[in-house]
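[1] no sequence on this one, just coordinates:
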């Protein structure tokens, strides 16, 4: 179960997300062992991606994991499966999660004052960099040098 302080924090997080990313919904919001948010993000070129953020049970003390759920498999330059990059600083990815989804590296040094809104925003920026990678073959780091 979430503590009172965590419930208050999550209520604020929900308000912020509802305002800036209204497509994002909460899954199992009362179960601290299985809470996540997910929604669709559309890039500037019109491609749509479904992103999921796993909210850790000790949130906000630990960094949430973020994955791209669809399309699956997630393709990069020349159709390469992005899972092949595993953990890559050049591609801003971590090893796929337990479900096999590409995991986006969004914050190396997590701080409790960072919000889920900022996590989703970084996911949105990463997707724009992915689109540029798909067009040019340049690594995502070329477009997000210090995300």
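    Done, it's in. The model shown is predicted, which means the values in this text are computed figures rather than measured ones. Numbers count the residues shown, from 1 in each chain.

[2] how close does the one residue sitting closest to the centre of the chain get to residue 78?
    With distances taken as CA atoms, centre = their mean, residue 66 lies nearest the centre of the chain, 3.2 Å away. For residue 66, the distance to residue 78 (CB to CB, to the nearest Å) stands at 25 Å. From N, CA and C alone the C-beta is placed, and that goes for glycine too.

[3] Equivalent analysis for residue 31, please.
    Residue 31 is 41 Å from residue 78, where distance means CB to CB.

[4] Compare the two (neighbour count), which wins?
    residue 31 (13 against 7; other CB atoms under 10 Å).

[5] Verify the stated contact: the residue nearest to the centre of the chain with residue 103.
    Yes: when contacts are counted by CB atoms under 8 Å, residue 66 is listed as touching residue 103 (6.8 Å).

[6] ok, which stretches of this structure are strands?
    Secondary structure of the chain (DSSP state E): strands located at 25-27, 36-42, 48-54, 65-70, 93-94, 102-104.
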